[in-house]
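Student: predicted coordinates and the sequence they were generated for:
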Amino acid sequence: MGWNSWDCYGTTVTEDEVLGNAEFMACHLLAHGWDTVVVDIQWYEPTARAHGYNADAPLVLDAYGRQLPAPNRFPSAAGAAGFAPLARRVHDLGLRFGLHIMRGIPRRAVAARLPVLGTEFTADEIADTGSVCPWNPDNFGLDHDHPGAQAYYDSQVAQFAAWGVDFVKADDMLFPYHEREIAAYARAIERCGRPIELSLSPGTDVSLARLDHLREHATMWRVCDDLWDRWEDVEAQFARMARWAPWQGEGGWADADMLPLGRVGIRAERGEDRLSRLTRPEQISLLTLWLISRSPLMIGGDLPTSPPETIELLTNGEALAVLMHSTGNREVLREGDLVLWTARDTDGRTRYAAVFSLADRPRRFEVPLGSIGARPADRVRELWTRTGVAHDGRHLAVGLPAHGAALYRLAQDG
């Protein structure tokens, strides 16, 4: 659970903006489980801009072809300090520090034939120049038949560990599925001497057949392309998370992507400065699906300038308990506009249910109690409104706005 700079700042986030979000998180969200701050893509690009990438960007690299924070955006990184000062300030707030990195090695390092730390190899010898990201021009892939490829990842991750990095979001790993790159990066983390969580992206067309490999090498992995503040993006996640939810657990987590909530688009890849275009019922549906499918949660909006109503949703402890204390999470029905999910609390007594409407207008559903695992004598509480709900012992009457959802806790009397 944390914050990521992508949805609000794209490639352009600055040190002050990262600290502003970290301080807000520590003050308002840490007590509810939000504990990680992630600097997304191109923190090493001094000329980064909104709405795209610069060709042949002047990336800041060290003598061994490893990315360094651009000092014009991260002043504390000057003098080869890297992210160590910023990570220290984030840690002092009781939070964890994370960063984004692209698969492979910078093309500029290859062109300059920079040495690979600890070896006699150079960047041009270990690069796979035929392996390129289709949407970002910064890097080449690595040739993992060459021993210098692993040495490069080892040196890069060792530098991250020295800075105090706790979380790495490695991008361009899953579409297509770069099996050897993933294994090499995980190996570098194992060797770095510091616990670092590995998150893999972007997730387009990632197959459940990869589950064992993903669990072996990563903490979490995306199951979609970038998700934005559009209902069609949210609706597409129902099928994906129904597929992945039964496999969620400590062995690894399918990630439904960032929460495009609050103030987004300030200097982002998509759209202009705005509050999330999702309606409040759509925001509740998004959060309900992420919680009951036990997806990792990464806030995409700028926290200090997001409305209080957004922060209220993100700090609803009763709803967050579903994420933290549930098991057996699964979709149990999808017919027409109605979607039902159920789960059990780890206490062995309490159960949870989610009712979603995919309809474009308000709808009223008469949900049989048995369809959500409820019993006639159960007490029912809706967790977003924090209110008890009456039922007739056979059905639960659920009135929902367009694209709305309700999240219930079910408990026996006594």
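Tutor: Ah, there it is.

Student: okay, CA-based contacts and neighbour counts for the rest of this
Tutor: Will do.

Student: all strands for the stretch 51-200 of the chain, in order.
Tutor: In the stretch 51-200 of the chain, the strands defined using DSSP state E, counting those that start in this stretch lie at 96-102, 105-106, 127-132, 139-142, 167-171, 197-200.

Student: the ones you listed into a markdown table, with extra columns for mean pLDDT, mean neighbour count and distance to D273?
Tutor: Listed next are these as a markdown table, based on pLDDT from 0 to 100; neighbours: other CA atoms under 10 Å; distance: least, CA to CA, whole Å:
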| stretch | mean pLDDT | mean neighbour count | distance to D273 |
| --- | --- | --- | --- |
| strand 96-102 | 98 | 22 | 22 |
| strand 105-106 | 98 | 24 | 31 |
| strand 127-132 | 98 | 17 | 31 |
| strand 139-142 | 98 | 24 | 29 |
| strand 167-171 | 98 | 23 | 25 |
| strand 197-200 | 98 | 21 | 27 |
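
Student: kindly reformat the ones you listed as TSV containing distance to A245.
Tutor: Output for these, formatted as TSV (distance: least, CA to CA, whole Å):
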stretch	distance to A245
strand 96-102	25
strand 105-106	34
strand 127-132	32
strand 139-142	31
strand 167-171	21
strand 197-200	17
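
Student: which residues touch P362?
Tutor: G399, L400, P401, A402 (CA atoms under 8 Å, 6 or more residues apart in numbering).

Student: closest to W6 out of those residues?
Tutor: Closest approach between the contacts of P362 and W6, by CA to CA: A402, at 28.2 Å.

Student: quick one: contacts for that closest one?
Tutor: Residues in contact with A402 (CA under 8 Å, 6+ apart) are P281, E282, S357, L358, A359, D360, R361, P362, R363.

Student: same question for stretch 356-372, mean pLDDT?
Tutor: On average, the pLDDT along stretch 356-372 is 98.

Student: picking that back up, between the contacts of P362, which sits nearest E181?
Tutor: Distances from E181 to the contacts of P362, taken as CA to CA, are shortest for A402 (43.0 Å).

Student: how close does the closest one get to L291?
Tutor: 20 Å (CA to CA, to the nearest Å).

Student: do the same with T14
Tutor: 30 Å.

Student: comparing these two, which residue is more hemmed in?
Tutor: Neighbour count, other CA atoms under 10 Å: between T14 and L291, L291 has more, with 22 against 19.

Student: so what's the more buried one up against?
Tutor: Contacts of L291 by CA under 8 Å, 6+ apart are A319, L320, V322, L323.

Student: thinking again about what came up before, A161: which of the strands of the stretch 51-200 of the chain is closest?
Tutor: Closest to A161 of these, according to CA to CA: strand 167-171, at 9.8 Å.

Student: just want the angle from the closest one to strand 96-102.
Tutor: Interaxial angle, strand 167-171 versus strand 96-102 (axes from the mean of the first three to the mean of the last three CA atoms, to 10 degrees): 20 degrees.

Student: now do the helices in the protein.
Tutor: Counting by DSSP state H, the chain has helices at residues 6-9, 15-24, 84-92, 107-111, 123-126, 147-163, 179-191, 211-217, 231-244, 280-292, 308-314, 317-324.

Student: just name the most buried of those helices.
Tutor: helix 6-9 (a mean of 29; mean count of other CA atoms under 10 Å).

Student: what about that one, distance to the chain center?
Tutor: The chain centre lies 12 Å from the centre of helix 6-9; the measure is CA atoms, centre = their mean, to the nearest Å.

Student: give me the mean pLDDT for it.
Tutor: The average pLDDT for helix 6-9 rounds to 98.

Student: so what secondary structure elements neighbour it?
Tutor: Helix 6-9 is packed against strand 263-264, with contacts defined by 3 or more CA pairs under 8 Å, 6 or more residues apart in numbering; DSSP states H and E.

Student: at 6 Å what do you get?
Tutor: For helix 6-9, there is no helix or strand it packs on, judged by 3 or more CA pairs under 6 Å, 6 or more residues apart in numbering; DSSP states H and E.

Student: then that helix to PDB, C-alphas only?
Tutor: Coordinates of each C-alpha in helix 6-9 appear next as PDB, following Å, rounded to 0.1, in the frame of the first residue of the first chain:
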ATOM      1  CA  TRP A   6       3.000   8.400 -12.300                       C
ATOM      2  CA  ASP A   7      -0.700   9.300 -12.500                       C
ATOM      3  CA  CYS A   8      -0.100  12.900 -11.300                       C
ATOM      4  CA  TYR A   9       3.400  13.700 -12.400                       C
END
